[in-house]
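Q: Take this sequence and fold it.
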Amino acid sequence: MRCYMKKIISICIILSGLGVMAYPKTADYVEAYHQDKLLKQWESEMASSNEDPISSGSTEETAETSYISLDDVFDPSARASEVTASERERSENALGSNMMGIITIDVINVNLPVLRGASQYNLKYGAGHLNGTAIPGKTGNSAIAAHRSREQGKMFNRLGELQMGDTITVKTRSGTFNYKVTDTKIVEPTDLSVLQESDEEILTLITCDPIENPVNRLIVRAEMQ
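A: Coordinates of the predicted model:
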């Protein structure tokens, strides 16, 4: 009987260990699945719809938001948070309607959905447009954030490779907008000058820096062409 119980306990320990090892891969699969689904859904809607972007958009796009620091956007502990069943259901029903566009950076193979609001939930599946900043393609400073990710090529992992003159493309229901990189810099999380308004069409990309144990923020600034 004791030998039998020992075998059962050993099997349970092994299965638990395998589950822990498999979780990151499962989480990555879920994120990739939803990203791909959002991108395909967007392309399908854009191919078949002439809907007015302003009337169809959420009021969240222009909501006033006060940021105390750039840490309001990123919470490193949230990267490993579990995707619950309720979140999966929500992602199926709400993520698509919360999508405002696509950001593409060919030189570093970025093609991500852009969701309204840089919430931790949204940042699990793509990039987030910071509430209170200009809508892409409009006059002002439009800020978009995404996690850096430790996996090569994932999210904004390679954002630090961008150089002056590189092209960033943002597609919304209003059209396709090309931006040229004009500046890259590292700032502290308390530096909110990167969100300062502008009377020009500016795009500001925000992610964590460095990739391991990030304490700062990598900023890429671009101007619309």
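Q: only C-alpha atoms for contact and neighbour calcs from this point on.
A: OK.
Q: neighbouring strands for the helix or strand hosting Ile219, and are they parallel or not?
A: Secondary structure from DSSP states H and E places Ile219 in strand 216-224. Strand 216-224 pairs in its sheet with strand 175-187 (antiparallel), strand 201-209 (antiparallel), by DSSP bridges.
Q: can you put these in CSV and add distance to Ala145 and mean pLDDT?
A: Converted to CSV, those look like this (distance: least, Cα to Cα, whole Å; pLDDT from 0 to 100):
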stretch, distance to Ala145, mean pLDDT
strand 175-187, 14, 98
strand 201-209, 5, 97
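Q: So for Leu115, which of those sits nearest?
A: Across these, the minimum distance to Leu115, taken as Cα to Cα, is reached by strand 201-209, at 13.9 Å.
Q: For that closest one, report the contacting residues that lie outside it.
A: With contact meaning Cα atoms under 8 Å, 6 or more residues apart in numbering, strand 201-209 is reached by 74, 136-148, 156, 179, 186, 194-195, 214-224.
Q: Share the number of residues neighbouring Val187, please.
A: 18 (other Cα atoms under 10 Å).
Q: What of Ser193?
A: 8.
Q: Tell me where the model's unsure across this protein.
A: 1-29, 49-69, 71-96 (pLDDT under 70).
Q: go with 90
A: 1-98, 119-121, 149-154, 211-214 (pLDDT under 90).
Q: who does the closest residue to Ala146 other than its chain neighbours bridge with?
A: Spatial nearest neighbour of Ala146, chain neighbours left out: Ala127 (4.5 Å); criterion: Cα to Cα, 6 or more residues apart in numbering. In this entry, Ala127 is beta-bridged to Val114, by DSSP bridges.
Q: Surely Ala127 and Asn111 touch.
A: No: Ala127 is beyond contact range of Asn111, at 9.8 Å (criterion: Cα atoms under 8 Å).
Q: neighbour count winner among these two?
A: Ala127 (30 against 21).
Q: distance of the more buried one from Asp36?
A: 13 Å (Cα to Cα, to the nearest Å).
Q: can you check Met46 too?
A: For Met46, the distance to Asp36 - Cα to Cα - is 15 Å.
Q: ranges for the strands of this structure?
A: 99-105, 110-116, 127-129, 140-145, 167-172, 175-187, 201-209, 216-224 (DSSP state E).
Q: Just send those strands back as TSV, with distance to Glu161 too.
A: Listed next are these as TSV, based on distance: least, Cα to Cα, whole Å:
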stretch	distance to Glu161
strand 99-105	11
strand 110-116	12
strand 127-129	18
strand 140-145	16
strand 167-172	12
strand 175-187	10
strand 201-209	13
strand 216-224	10
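Q: Fine by me, thanks again.
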